[in-house]
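1. Build me a model from this:
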Amino acid sequence: MLDPALEFAHDPGGALTVDAATGPQSPLRFIPVPPRMAIGYTSDAIWLRFSAALAPDRQWILEAAPATLDEVTLYSPQANGTYLAQEEGDQQPAQHRALPYRNFTFRLDASHGQMQTFYVRVRTATSMQPRLQIWQPGGLIQAASFESGLYGGYLGMALLIVGFNLIFWTWLRDRLYLVYAGYVVINGLSFALMAGYPQMLLPDLPGLLDMLQKVMVLLQIASIGLFFCWLFRFHLYLPALTSINRMLSMGMLALAFSTACGITSYPGRFAASLALGQIVCIESMAIWLVIRGHRQLAIYLVAFTAFLISGCALVARALGWVDNQPAIDYLPLVGSAVHMVLINIGLAQRARRAEDERRNADQVTLSMSLQNEREMEQRVIQRTLALEKANAALQKEVCEREELQAQLSAALAKEREAMVAQRQFVAMVSHEFRTPLAIIDATAQRVLLQHPTETDTLANPMGKIRRGVHRLTDLIDTFLGEERLPPQGLEVARQPVDLYQVALRCVQQHLPLSNGMIHLPIPTEAVIVLGDAALLALVLSNLIDNAVKYSPPGSPTTVTVGRDALRGWVDVLDYGEGIATADRERVFDKHVRLGKVSGVGGTGLGLHIARNAARRMQGDIELESDVGKGACFRLWVPLANPATLQPKALLVS
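-> Sure, this is the predicted structure:
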């Protein structure tokens, strides 16, 4: 192996050709550099120059490292004064390399046997830390074998650790083992990609592998912050710093995603600086926790310290703060291996403690189970005795309830018989009351018809007789109205009824009592509702009777029949003293009479019976009234089949 004496020069923008760079007018100013250099992150192209007199009877190979350089071009001098260009780089297919090796290799032409000057142009988005070495094939093979063994041992150990932690996770179901396995996978892939071995396995995908190498570096930095925050449980002791660290790690994940999608370029300098600061911060917080008494974290602290030393050396070289010493090439592998082994030992101890705790818990659970079993047996015995007593008491109660049910059934049957007898009695009484009243009313009408010449004299007394008859008839209807309703629990037999015809009959019955002051306009369309004609007549009679009784003398009463989309309704409007808003619902209660009722007959039952009857027909009575402005009672009931009912004109005069 030969370490050539190198000179280098910056090519701002990287636009110079080999002729411009090597000609007498070249703007480049080459200066000597150590055999290994670390410039850091730069967008410039770097020209390297070295001179060597190579023995012509041997083969010579130039190795350019590391494997993360994007563009590496060797310009070899020719006999005619020109330069032969050989291009390689991690964005070039690996099969174009002189040798199937992880780093870039070029064959040097030593046939001249004299001093020759070679130029190497390097450009990369990663850290600019090129290393050039001249090998003979045997030496290169020996070095490659050593490196392959080193990296192979590291990756084999990583796979072993991943397998063990997956077993621990399957066994204990602790997510920490699964997370650690993922962390080791990310670290292993990152080191492998930076070493250049995947390019040998997938030589036709240089662009994809270059992108993956940059993305894996960002993922590695993010995983360090997230995993060690979880491992040290910083969120329990330093929540503010933990939140900051998590935000930085999430930002790094976002940069990895944008880099993978091609949204942003690779932020190498920022990522390296952030990684250094994050590692130092985690180390400081871990030391603080161990000093505060968390001794179980000491092994993790030692592991992270080993990783810190190697990581700081790697970042410092990437930023160009230290020379590119050979030991730094392998220090990350050694540090990562040490820290992974120590962490795995710590997690194995954690698994052992978990197993011990589980055994102890099983023992405690078993002893408690035996104790609970004994207690349960005692409780079962006591409970059995209690259940036997309760069962005996329940049997006794069942017998008593069956006897009581039989008594109640007999009482209910008697009550039903009494209700039937009561209704028959009410019907008989109603008939017996109405028969003499009808005779009196007919006699009064006959007297007027038989003495037409004395109409002026007889009209007033006969009118009083007829009004008294009607008053007494209404009073009977009021007292016996509730008895005409079906018992509670039984539905009213509803049939299609012409609501206007019912209203017309009720108005005609009350005309003698109102001196003809009841107005009933003919509706523009038929109003056929679903209800009971007798109950509808009972309700309207009560409403019209109240309107006539409580209206001032000479004041009209208006009865209006109408319908909307679903309901038919009758409005009974009077111009009496009205009802206050606070009393609108009270007026429907039993035996309630409001306002100035002296001299006005009534029992306070009419409106209560009317609303009850309306609701039994799936309808209701609504009241709109203000003091001094009269009252409007609206009876509404559902239309008969409103979906198919077609409006039609009434032929009623």
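
2. which SSE is Ile299 in?
-> Assigned by DSSP states H and E, Ile299 falls within helix 298-318.

3. My error: substitute Tyr75 in the last question.
-> Here Tyr75 sits within strand 71-77, counting by DSSP H and E.

4. tell me the angle the helix or strand just after that strand makes with strand 71-77.
-> For strand 71-77, the following helix or strand on the C-terminal side (DSSP H and E) is strand 83-88. Put simply, strand 83-88 runs at 160 degrees to strand 71-77, going by axes from the mean of the first three to the mean of the last three CA atoms, to 10 degrees.

5. what does strand 83-88 rub up against?
-> Strand 83-88 is contacted by residues 18, 22, 64, 71-78, 96-98, 104-106, 109, 119 when judged by CB atoms under 8 Å, 6 or more residues apart in numbering. Just so you know, the C-beta spots here come from the backbone N, C-alpha and C atoms, and that holds for glycine as well.

6. can you pull the buried residues of it?
-> Tyr83, Gln86, Glu88 (16 or more other CB atoms under 10 Å).

7. Partner strands of it and their direction?
-> Applying DSSP bridges to the sheet, strand 83-88 is found paired with strand 71-77 (antiparallel).

8. Could you break the chain into its assigned domains?
-> As assigned by automatic domain parsing, the chain contains the domains 7-135, 151-356, 490-638.

9. Tabulate those domains (CSV), appending mean pLDDT and distance to Thr453.
-> Formatted as CSV, these follow (pLDDT from 0 to 100; distance: least, CB to CB, whole Å):
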stretch, mean pLDDT, distance to Thr453
domain 7-135, 86, 132
domain 151-356, 84, 114
domain 490-638, 84, 22
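
10. Of those domains, which is nearest Arg416?
-> Nearest to Arg416, of all the domains of the chain, is domain 490-638, at 11.8 Å by CB to CB.

11. Could you count how many residues lie near Gln447?
-> Gln isn't right for residue 447; it's Val. Applying the criterion other CB atoms under 10 Å, we find 14 residues in the vicinity of Val447.

12. which SSE is it in?
-> Using DSSP H and E, Val447 sits within helix 326-450.

13. elements contacting that helix?
-> Under the contact definition 3 or more CB pairs under 8 Å, 6 or more residues apart in numbering; DSSP states H and E, helix 326-450 sits against helix 137-172, helix 175-195, helix 298-318, helix 455-479.

14. the inter-axis angle of it versus helix 137-172?
-> Angle of helix 326-450 versus helix 137-172, following the same axes, to 10 degrees, is 40 degrees.

15. What distance do you get for Gln371 to Leu607?
-> 73 Å (CB to CB, to the nearest Å).

16. ignore the last one, Gly568
-> Look at Gly568 and Leu607: by CB to CB, they are 20 Å apart.

17. One more: Pro512?
-> Distance of Pro512 to Leu607, computed by CB to CB: 23 Å.

18. give me the number of residues near Gln25?
-> 6.

19. which SS class is it?
-> Following DSSP: H, G, I helix; E, B strand; the rest coil, we place Gln25 in the coil state.

20. count of residues packed around the residue nearest to Ala303 when sequence neighbours are not counted?
-> Closest residue to Ala303 apart from its sequence neighbours, by CB to CB, 6 or more residues apart in numbering: Leu342 at 3.5 Å. Here the number of neighbours of Leu342 (other CB under 10 Å) works out to 19.

21. next one: the one 5 residues further on
-> Leu347: 21 surrounding residues under other CB under 10 Å.

22. Now for it: which residues touch it?
-> When contacts are counted by CB under 8 Å, 6+ apart, Leu347 touches Asn165, Phe168, Leu176, Tyr177, Tyr180.

23. for the stretch 1-150 of the chain, what spans make up the helices?
-> Ranges of helices in the stretch 1-150 of the chain, per DSSP state H, counting those that start in this stretch, are 18-22, 137-172.

24. Can you spell out which helices and strands pack onto the shortest one?
-> The helices and strands touching helix 18-22, judged by 3+ CB pairs under 8 Å, 6+ apart, are strand 83-88, strand 115-123.

25. Mind listing the strands the last one pairs with, and their directions?
-> Right, the one you point to is strand 115-123. Its sheet considered, strand 115-123 pairs with strand 45-53 (antiparallel), strand 71-77 (antiparallel) by DSSP bridges.

26. residues near Gly153, how many?
-> Residues lying near Gly153 (other CB under 10 Å) number 12.

27. do you know how far it is from Phe146?
-> Distance of Gly153 to Phe146, computed by CB to CB: 11 Å.

28. Residue most distant from the centroid, the chain?
-> Thr453 (93.7 Å; CA atoms, centre = their mean).

29. that's a strand at that residue, yeah?
-> No: going by three-state DSSP, the assignment for Thr453 is helix, not a strand.

30. what sits against it?
-> Contacts for Thr453 (CB under 8 Å, 6+ apart) come out as none.

31. Give me the pLDDT for it.
-> As predicted, Thr453 sits at a pLDDT of 71.

32. now the angle from the helix holding Val447 to helix 175-195?
-> Counting by the same axes, to 10 degrees, helix 326-450 lies at 130 degrees to helix 175-195.

33. Between helix 298-318 and helix 326-450, find me the angle.
-> Angle of helix 326-450 versus helix 298-318, following the same axes, to 10 degrees, is 110 degrees.

34. from memory Leu189 sits against Met216, does it?
-> Yes: counting by CB atoms under 8 Å, Met216 is a contact partner of Leu189 at 5.4 Å.

35. Give the residues shared as contacts by the two.
-> Contacts common to Leu189 and Met216, judged by CB under 8 Å, 6+ apart, are absent.

36. Since that was my last question, I'll sign off now.
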